[in-house]
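> Got a predicted structure plus its sequence, pasted below:
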Amino acid sequence: MRIQNIRHGKHFVMFMAAALLAGILRSSAAADGQTVYDKSCKLCHDKGVMGSPKTGDKAKWAPLIKGGEAALEESVIKGKGKMKPRAGNSSLSDEDIKAAVDYMISKS
């Protein structure tokens, strides 16, 4: 009986180690909003190029934020005004876009 419990204990430990490793790998692969912003959004949103709202401009961002994050994410995915779909970077995943939008909201 005791050997069987130890064997099950080893399986549990191995399972937990695998789950922890999977979580670490998943979180390291998760989009980093500032990195996405720096690569794909900063060029226009730092200076307000082509009418884009400057990151940090609370007055311009307030009504956009009030419209909700989903609407902002959709604007990036589909494009809006002079901004091309996916901010002109077709390699951006929806998760990347969400992370960048979250980052911009946190700064505005």
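Nice, thanks for sending it over. Residues are numbered from 1 along each chain as shown.
> residues touching Ser75, list them.
For Ser75, the set of contacting residues under the criterion of Cβ atoms under 8 Å, 6 or more residues apart in numbering consists of Met83. Where you see a C-beta, it was placed from the backbone N, CA and C, and this is true even at glycine.
> now Trp61
The neighbourhood of Trp61, defined by Cβ under 8 Å, 6+ apart, consists of 53, 104-105, 108.
> now swap in Cys41 and tell me
Cys41 neighbours (Cβ under 8 Å, 6+ apart): 55, 87, 100, 104.
> so what's the last one closest to, chain neighbours aside?
Of all residues beyond its chain neighbours, the one nearest Met104 is Thr55 (5.4 Å), with distances taken as Cβ to Cβ, 6 or more residues apart in numbering.
> and if you look at the third one?
What sits nearest to Ala100 in space, not counting adjacent residues and going by Cβ to Cβ, 6+ apart, is Val36, at 4.1 Å.
> repeat for the second one
Once its chain neighbours are removed from consideration, Ala87 has its nearest residue in Ser40; the separation is 4.8 Å (Cβ to Cβ, 6+ apart).
> per-residue confidence at that neighbour?
pLDDT, the model's per-residue confidence, is 96 for Ser40.
> Which parts of this protein belong to which domain?
When the chain is parsed into structural domains using automatic domain parsing, the resulting residue ranges are 1-30, 32-107.
> residue boundaries of the strands in this protein?
Per DSSP state E, the chain has no strands. Nothing in it meets that criterion.
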